[in-house]
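>>> missing the sequence, but the structure's below:
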């Protein structure tokens, strides 16, 4: 059994192992659509900082190594890309993503190997 099956929680969907503190200035992107009491908000702020100067609205976006899909879900819901495809090597992780983020119409997940 993989980690995805052991911890199939929607609350634990961001795994970037980094964070951006609340004191860091982000110019344009506000962290919305996310519970600020959730410790993962710092990981989502990292997404916001990386995307800060990029307009994704109406674009097709790809995230390679999407993990449990939380960053993709936040990006697709908040920044309104035309579509967002999350790809990951973990089949069980992709199945989890498809299950817990199925309510986001412009978001889909596929199993894949970025090295092939």
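Received the coordinates, thanks. Please read all numbers here as calculations on a predicted model, not as lab measurements.

>>> immediately after the helix or strand of the chain with the lowest mean pLDDT, which helix or strand?
Ranking every helix and strand in the chain by mean pLDDT, DSSP states H and E puts helix 3-6 at the bottom, with a mean of 54. Per DSSP states H and E, the first helix or strand lying C-terminal to helix 3-6 is helix 41-51.

>>> how big is the angle separating the helix or strand hosting residue 71 from helix 41-51?
Assessed by DSSP H and E, residue 71 sits inside helix 70-78. Here helix 70-78 points in a direction 60 degrees away from that of helix 41-51 (axes from the mean of the first three to the mean of the last three C-alpha atoms, to 10 degrees).

>>> run the angle between the helix or strand that comes right after helix 70-78 and helix 70-78 for me.
Next in sequence after helix 70-78, counting helices and strands by DSSP H and E, comes strand 83-88. Interaxial angle, strand 83-88 versus helix 70-78 (the same axes, to 10 degrees): 180 degrees.

>>> low-confidence ranges, this structure, go.
1-12, 15-34, 36 (pLDDT under 70).

>>> spatially central residue in it, please.
Centroid-nearest residue in the chain, with C-alpha atoms, centre = their mean: residue 71, separated by 1.4 Å.
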